[in-house]
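J.: Fold the following and give me the result.
(2 chains)
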Amino acid sequence: MHSDRAPLALKIAAAFGLLFMHVPILLIFVYAFTTEDKSYQWPPPGYTLKWFGVTWGRADVWEALSLSLRVAAISTVIALILGTLCAAAVARTRFFGRETISLLVILPIALPGIITGISLRSAFNLADIPFSFWTIVLGHATFCVVVVYNNAVARFRRTSGSLVEASMDLGANAFQTFRYVILPNISTALLAGGMLAFALSFDEVIVTTFTAGQQQTLPIWMLEELVRPRQRPVTNVVAMIVVLVTFLPILGAFYLTRGTDTVAGQGK
Amino acid sequence: MAEAALHTAPTLAGRASDLLWRRQGLLILLLILPPALWLGIIYLGSLFALLAQSFFSIDEFSGLINYEFTLSTYAELFRPSNLDIIIRTVVMASAVTIAAAIIGFPVAYYAARYARGRWKALFYLGVMLPLWSSYLVKVYSWKLILAKEGIVSWLFETLGLTWLLEAYLSLPILGGNSLSVSWTGTFLVFLYVWIPFMILPIQAALERVPVSMLEASGDLGANPGQTFRHVLLPLALPGVVAGSIFTFSLTLGDYIIPQIVGTSARMIGQAVYQFQGTAGNIPLAAAFAVVPILIMGVYLYVARRMGAFNAL
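T.: Here you go, the predicted structure:
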């Protein structure tokens, strides 16, 4: 189109916005290699790979990482089940309380995390439930449902209902229909939702500070280091690895849900 | 269906699915029950338990919770020191929201209107990656940037502008010993961490604006500024409002950012955290937690009136 040349000012403003969002994270990558271990001196006085080895040998980092991975895996599974069920019910049918259910799913992430965290904590106290691995999972699964739900509900809306009817007409029962017709249709959406839920749980810190007892997930470990720094270079290395690890599911989710590009004015 | 049933023996699965097909209501009930129970009991249950506690009070001498209905805990919110915390937080949330809209708008507009193909994907990832990358790492990166010996001081020094930075830091309220212990620092980190939440809804709203409308405005004699002011901005406003819900709400409830980068003056999140933790005053913590819920309730109501939910 002839008029589709962006004004220079807009280009500069957009570039500035993108740079603002990316430069700080890139700086972490530089700091992971610095030889300076007492302060955040810039430019780094020298570069070394030493801190990667030091981090590798730290048992507390490994324990925190392993706990985070286990919590994220189980929370993701719970969120996948609950989110899909909810999306299936909301997407294809109108029933009383539909809006309430959508609101209920979104609420844990719409309200500030501290409110979710403190309510769960006081509820655990009231019910005399000791803090454990499962109290962390309980909190995480609750706010992960919404990501799976969002992905699944969008896919359910795009999947034609006549497919299900055709399958039933051809003699498949509900379970066969689910296994052979519905599941293949929504699988990439679920995979994308699951990846995002995993990333969300892996990174969560605000709710976790309230629902964890003595255990340290990786974000809790980082928070400790931020408040009371012990060995800054190790924190730098862990920060860099966390960035790299969370990029993978995001990129994965992006490629799985691609192909739904819209043109200006055509979006609904 | 009937014919198929004649040929196959009625298995349990077959009978169950016939029942579900005939009674859609039962199917929906079975689908909705597990998530509704989970969210209803675990989430809403604890939320209401917390809110109920805000109507209790704490005995000043014994430090024990007095389980009798009272509004005195809410009255405590209006003590000058507590009122300060609320006002400070709301001002910060507003400042962050406005700045995020100003910086985010050009990114969203470029991505929606001009970026095509490969660039479109790049812009999408350019917003999604910061959105999803670790919250703590993002906060940490600013601790590095704003530190006294960090890159900002270095930049000012290299440009020979150290005097300017020092003059800024000596300002009351905005300044401080270094940027990492000033309100300016807190503001920058909030802005950085929440800005992707502003860009995405604005972009979604702008995607729906047909280019022909902007061209028509130009054809009818409007200059670019007028087109922006009278055509583009009103159409994008629901997106801006939708984005502001996130930036506002997230800033209201955060307690980690002001704790790591900022002054010793508290925000609502920190107050809630301290009252429930070290102070052991759950009723006051609960009453404080009600403040963001109320503010967001009003905010969401206004946003709904402005059609912001269609942009989500």
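
J.: Tell me where chain B has strands.
T.: Under the criterion DSSP state E, strands of chain B are mapped to B:57-58, B:65-66.

J.: Burial-wise, tell me which of the ones you listed comes out on top.
T.: strand B:57-58 (a mean of 22; mean count of other C-beta atoms under 10 Å in any protein chain shown). All C-beta atoms are positioned from the backbone trio N, CA, C, and that covers glycine.

J.: is it anywhere near chain A?
T.: No. Strand B:57-58 does not reach chain A (C-beta under 8 Å from any C-beta of the partner chain); its nearest approach is 13.6 Å.

J.: Report pLDDT for the residue of the stretch 151-300 of chain B found nearest chain A.
T.: Across the stretch 151-300 of chain B, the shortest distance to chain A (C-beta to the nearest C-beta) belongs to B:G253, at 1.9 Å. Predicted confidence (pLDDT) for B:G253: 85.

J.: OK, contacts around the one residue in chain A that gets nearest to chain B?
T.: For chain A and chain B, the shortest gap (C-beta to the nearest C-beta) falls at A:P112, measuring 1.9 Å. A:P112 sits next to B:S249, B:L250, B:L252, B:G253, B:D254, B:G269, B:P292 when contact means C-beta atoms under 8 Å, 6 or more residues apart in numbering or on different chains.

J.: Quick check: pLDDT value at it.
T.: pLDDT, A:P112: 81.

J.: Contact partners for the residue nearest to it when sequence neighbours are not counted?
T.: Closest residue to A:P112 apart from its sequence neighbours, by C-beta to C-beta, 6 or more residues apart in numbering or on different chains: B:G253 at 1.9 Å. For B:G253, the contact set (C-beta under 8 Å, 6+ apart) comprises A:L111, A:P112, A:G113, A:I114, A:I115, A:I206, B:I268, B:G269, B:P292.

J.: Next secondary structure after the lowest-mean-pLDDT helix or strand in chain A?
T.: With mean pLDDT, DSSP states H and E as the measure, the helix or strand of chain A carrying the lowest mean pLDDT is helix A:98-110 (a mean of 79). Where DSSP states H and E defines the elements, the next helix or strand beyond helix A:98-110 is helix A:113-126.

J.: hmm, back to that, give me the helices and strands touching the least confident helix or strand of chain A, please.
T.: Contacts defined by 3 or more C-beta pairs under 8 Å, 6 or more residues apart in numbering or on different chains; DSSP states H and E place helix A:98-110 against helix A:59-92, helix A:133-158, helix B:24-37.

J.: one step back: most widely separated two among the contacts of A:P112?
T.: The largest separation in those, counting by C-beta to C-beta, is between B:S249 and B:G269 at 11.4 Å.

J.: higher neighbour count, these two?
T.: Legend: neighbour count by other C-beta atoms under 10 Å in any protein chain shown for B:S249 and B:G269, higher for B:G269 (28 against 25).

J.: ok, and the closest non-adjacent residue to that one?
T.: With C-beta to C-beta, 6+ apart as the criterion, B:G269 has its nearest non-adjacent residue at 3.0 Å, and that residue is B:Y255.

J.: In this structure the one you found contacts B:Q270, no?
T.: Yes. At 4.6 Å, B:Y255 counts as touching B:Q270 under the criterion of C-beta atoms under 8 Å.

J.: Reformat the contacts of A:P112 as a markdown table; add distance to A:E165.
T.: Compiled in a markdown table, those are given as follows (distance: C-beta to C-beta, whole Å):
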| residue | distance to A:E165 |
| --- | --- |
| B:S249 | 42 |
| B:L250 | 43 |
| B:L252 | 47 |
| B:G253 | 46 |
| B:D254 | 48 |
| B:G269 | 50 |
| B:P292 | 46 |
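
J.: shaky segments in the stretch 51-200 of chain A?
T.: Residue ranges of the stretch 51-200 of chain A with pLDDT under 70: A:92, A:95-96.

J.: change it to 90
T.: For the stretch 51-200 of chain A, applying pLDDT under 90 flags the ranges A:51-61, A:86-119, A:121-129, A:131-132, A:143, A:146-147, A:149-196, A:198-200.

J.: Equivalent analysis for the stretch 1-150 of chain B, please.
T.: In the predicted model, the stretch 1-150 of chain B carries pLDDT under 90 at residues B:1-44, B:46-79, B:81-82, B:112-135, B:143-144, B:146-150.

J.: change it to 70
T.: Across the stretch 1-150 of chain B (using pLDDT under 70), the flagged ranges come out as B:1-10.

J.: which residues in it form helices?
T.: Here the stretch 1-150 of chain B has its helices, by DSSP state H, counting those that start in this stretch, at B:2-7, B:12-22, B:24-37, B:45-53, B:72-76, B:80-109, B:117-132, B:135-146.

J.: Quick check: which of these is nearest to A:Q176?
T.: Evaluated with C-beta to C-beta, the helices of the stretch 1-150 of chain B place helix B:12-22 nearest to A:Q176, the distance being 7.9 Å.

J.: Now render the strands of chain B as CSV, adding distance to A:T246.
T.: What follows is the strands of chain B, written out as CSV (distance: least, C-beta to C-beta, whole Å):
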stretch, distance to A:T246
strand B:57-58, 41
strand B:65-66, 40
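
J.: for those strands, which one sits closest to A:F198?
T.: For A:F198, the closest of these is strand B:65-66, at 38.4 Å, according to C-beta to C-beta.
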